[in-house]
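Colleague: Sharing a sequence plus its predicted fold:
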Amino acid sequence: MRGTGPRMTKGMWSRILPIPTVVLAILILWYAAAIWLNAPRAEALMDPDQPHGFWAVAQACWSMDRPVLPAPDQIVSTLADSIFGYPLSSPRNLLLQAGYTAEAASVGLALGLAFGIALAVGIIHIRTLDRSVMPWVIASQTIPILAIAPMLVVALGVMGITGLTPKATIVAYLTFFPVTVGMVKGFRTPDPLQLDLMRTYSAGRATVFAKLRWPASMAFLFPSLKVAVALAVTGAIVAEMPTGAQVGLGARLLAGSYYGQTIMMWSALVMASLLAVFGLLLVSLAERGLVALRGGRL
Amino acid sequence: MTATATLAVAPSLDEAPAAAAPIAVAAEKLSVRFGEGAGATLALSEVDVTIGRGDFVSLIGPSGCGKTTLLRAIADLVRPSSGLLLVNGMAPEAARLARAYGYVFQAPALLPWRTVARNVMLPLEIMGMPPERRRAEAAHYIELVGLKDFARKFPWQLSGGMQQRVSIARALSFRPSLLLMDEPFSALDEITRDGLNLHLHELWARTGLTGIFVTHSIREAVFLSTHIVVMSARPGRIVELIVSDLPRQRQLDDRETPAFLAVSRRVREALHLGYGHV
């Protein structure tokens, strides 16, 4: 038979091709934007004797020391340099800083997850909580985190609590909300027929929760968790920025902004995105695992 | 209501429940009112009915005649407003706590994240049966409804008729003495329905449990039942209680016999009487 061995089917191509296509498009747009944004300063900095043709200006734009918008290759080389150029224990290593941010984000996320679920359980089972708490929960999220974070860090610092705790608290504050909203919805999905069924078994509220509400809510847990992961990384970085933070990607961003090292700032940003993507990947893996356990559907 | 009763030692299928009361359900002047004041509806009005152990009773009537309400009252899913209702000689709540009945709803109501086997095991888990025993019981009843090869499948992989059979297996898994069914086959096609009717009839003949079955179909009611309760609406009440003189063991072909048609005619006439009042 012809064509034995692995082959790329048409279906596979249509799934894989979009990604490099989009990446290529983004890169082209990025290089173009770099020219557009850096041109005024780049031209001024160029040697007056050198030719000032379009291509020369473009190349100058892409190799500035402190560009407004660094070119992708500049970011990549700075990133690689900071990851591989220094030992992991050195504070200049971006991977180490990412580790600090990841620590704060994970601990905060775990706290936010636990609190969010506990609050959702309370809202479902206690009528007064259901009526009184939700408006406060929503109101809490309308206060800009950039305002709350410094206040919280300073307040906790006065009490002698520094380091991981204030950061984790801020992350928990941000992440509990999507979890609560999602889980309340999830806990309410069982229909009257299923609840009647539980009643015919004389099942108590705890049993109904364990056997019916909790498994039914899983479909809502993962989307909430994905939102929470993105918020956790953002929250950890925002929490690192006030009080001239010592460690983490937020600190690197701050240091970069003090010294005008725009390329360093962008590297830290890209690192933060990669961290969030990694977190999302973990959540997706967990979701896939559960789907497999449930025979293919959530 | 929050206590989960431990499973009492269940008699084997072959033993007749000799010590049990001969009356499974006794209702006297039973009324159920929904809502309050002027807007209240009388779903059941002064209903008197007695169902003996081992009977198969169908409740048939137009929409709103209270047949589902009566079934739900027996299951303690609805509180009577007045009158007397005893299930296995106890109050409906006590009967519910004693796991006296299994309930089959109009829709299968299976938990989609559990396999067929684990769905059938659900009531056994809630009752605290040890894992080995509940696996064995579930396997027995899955085989009884003819789904032995589908025990590890998920509900969405089965057809509607098969899902409803799982629902029946689940209702029987803890060996209740009563089986309450609310139009369980109404969403299925005729041939599947016929098959399930025969299956249910054979199950009932084998296990000797008491069946209470709500339906819209005269044919189904006459085929399955020893007694047919014809009801009418506004307010919900019993028009006639028809005792079927058909033999206890039946085949699908019996539905063409003159005796069968005679009973069907009696049911139809009683139904017309009920409709006439509407």
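Modeller: Thanks, I have it.
Colleague: residues near the closest residue to residue B:247 other than its chain neighbours, how many?
Modeller: Nearest residue to residue B:247, sequence neighbours excluded (C-beta to C-beta, 6 or more residues apart in numbering or on different chains): residue B:254, at 8.0 Å. Where you see a C-beta, it was placed from the backbone N, CA and C, and this is true even at glycine. Neighbour count of residue B:254, defined by other C-beta atoms under 10 Å in any protein chain shown: 14.
Colleague: How much space separates residue B:254 from residue A:230?
Modeller: In this view, residue B:254 and residue A:230 are 67 Å apart by C-beta to C-beta, to the nearest Å.
Colleague: Walk me through which strands the helix or strand hosting residue B:211 pairs with, and which way each runs.
Modeller: Here residue B:211 sits within strand B:210-215, counting by DSSP states H and E. Strand B:210-215 pairs in its sheet with strand B:56-60 (parallel), strand B:178-182 (parallel), by DSSP bridges.
Colleague: then the last one to PDB, C-alphas only?
Modeller: If I follow you right, that is strand B:178-182. Included here for strand B:178-182 are C-alpha records, laid out as PDB according to Å, rounded to 0.1, in the frame of the first residue of the first chain:
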ATOM      1  CA  LEU B 178     -42.500  -0.200  45.900                       C
ATOM      2  CA  LEU B 179     -41.600   1.100  42.400                       C
ATOM      3  CA  LEU B 180     -43.100   4.600  41.600                       C
ATOM      4  CA  MET B 181     -42.900   5.600  38.000                       C
ATOM      5  CA  ASP B 182     -43.900   8.900  36.400                       C
END
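Colleague: thinking again about what came up before, ok, then the element right after the strand holding residue B:211?
Modeller: Using DSSP H and E, the next helix or strand after strand B:210-215 towards the C-terminus is helix B:218-224.
Colleague: Quick one: mean pLDDT over that next one.
Modeller: Computed over helix B:218-224, the mean pLDDT rounds to 95.
Colleague: Run through who's touching it.
Modeller: Applying C-beta atoms under 8 Å, 6 or more residues apart in numbering or on different chains, the set of residues contacting helix B:218-224 from outside is B:56, B:58, B:60, B:185, B:193, B:197, B:200-201, B:204, B:211, B:213, B:215, B:228, B:244, B:246, B:250, B:252, B:254-255, B:260, B:263-264, B:267-268, B:271.
Colleague: Using CSV, list the CA coordinates for the helix or strand following it.
Modeller: Per DSSP H and E, the first helix or strand lying C-terminal to helix B:218-224 is strand B:227-232. Extracted in CSV, the C-alpha atoms of strand B:227-232 (Å, rounded to 0.1, in the frame of the first residue of the first chain):
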residue,chain,number,x,y,z
HIS,B,227,-55.7,-2.1,38.7
ILE,B,228,-56.3,1.0,36.7
VAL,B,229,-57.2,4.3,38.5
VAL,B,230,-58.9,6.7,36.1
MET,B,231,-58.7,10.3,37.2
SER,B,232,-60.0,13.6,36.0
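Colleague: Bridged to the residue nearest the centre of chain B, which residues?
Modeller: Taking C-alpha atoms, centre = their mean, the centroid of chain B lies closest to residue B:180, which sits 2.2 Å from it. Assessed by DSSP bridges, residue B:180 has beta-bridge partners residue B:103, residue B:212.
Colleague: Centre of the chain to the lowest-mean-pLDDT helix or strand in chain A, how far?
Modeller: When each helix and strand of chain A is scored by mean pLDDT, DSSP states H and E, helix A:10-16 comes last, with a mean of 79. Centre-to-centre, helix A:10-16 and its host chain are 28 Å apart (C-alpha atoms, centre = their mean, to the nearest Å).
Colleague: Test for you: state the pLDDT assigned to the residue nearest the centre of chain A.
Modeller: The centroid of chain A falls nearest to residue A:230 when counting by C-alpha atoms, centre = their mean (2.5 Å). You'll see residue A:230 listed with a pLDDT of 95.
Colleague: Against which helices or strands is the strand or helix carrying it packed?
Modeller: Using DSSP H and E, residue A:230 sits within helix A:214-240. If you count contacts as 3 or more C-beta pairs under 8 Å, 6 or more residues apart in numbering or on different chains; DSSP states H and E, helix A:214-240 packs onto helix A:94-125, helix A:145-158, helix A:164-187, helix A:249-258, helix A:262-293.
Colleague: okay, those helices, which one's buried deepest?
Modeller: Comparing the helices and strands packed on helix A:214-240 by mean neighbour count (mean count of other C-beta atoms under 10 Å in any protein chain shown), helix A:164-187 ranks first with a mean of 23.
Colleague: mind listing what's buried in the helix holding residue A:230?
Modeller: For helix A:214-240, burial by neighbour count (16 or more other C-beta atoms under 10 Å in any protein chain shown) applies to A:214-222, A:224-240.
Colleague: Stretch B:222-238 now?
Modeller: Neighbour-count burial for stretch B:222-238, counted by 16+ other C-beta under 10 Å, picks out B:222-233, B:235-238.
Colleague: mind putting the strands paired with strand B:210-215 in CSV, mean pLDDT included?
Modeller: Below are the strands paired with strand B:210-215 laid out as CSV (pLDDT from 0 to 100):
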stretch, mean pLDDT
strand B:56-60, 96
strand B:178-182, 96
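Colleague: Could you single out the most deeply buried of the ones you listed?
Modeller: Neighbour counts (mean count of other C-beta under 10 Å) averaged over each of the strands paired with strand B:210-215 peak at strand B:56-60, with a mean of 25.
Colleague: Residues of chain A that sit close to chain B?
Modeller: A:193-194, A:196-197, A:199-207, A:211-212, A:215-216, A:218, A:294-298 (C-beta under 8 Å from any C-beta of the partner chain).
Colleague: Now do the domain split for chain A, please.
Modeller: A:11-69, A:94-293 (automatic domain parsing).
Colleague: Of all those domains, which one is nearest residue B:44?
Modeller: Checking the domains of chain A against residue B:44 by C-beta to C-beta gives domain A:94-293 as the closest, at 18.2 Å.
Colleague: So for the closest one, first residue to last residue, what's the gap.
Modeller: The separation between the terminal residues of domain A:94-293, taken as C-alpha to C-alpha, to the nearest Å, is 38 Å.
Colleague: Name the SS class of residue B:43, please.
Modeller: Classification of residue B:43 using DSSP: H, G, I helix; E, B strand; the rest coil returns strand.
Colleague: Apologies, that question was intended for residue B:250.
Modeller: Assigned state for residue B:250: coil (three-state reduction, three-state DSSP).
Colleague: from what I can see it touches residue B:201, true?
Modeller: Yes - with contact defined as C-beta atoms under 8 Å, residue B:250 counts as touching residue B:201 (6.0 Å).
Colleague: Now render the helices and strands packed on helix A:214-240 as a markdown table, adding mean pLDDT.
Modeller: What follows is the helices and strands packed on helix A:214-240, written out as a markdown table (pLDDT from 0 to 100):
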| stretch | mean pLDDT |
| --- | --- |
| helix A:94-125 | 94 |
| helix A:145-158 | 84 |
| helix A:164-187 | 93 |
| helix A:249-258 | 86 |
| helix A:262-293 | 93 |
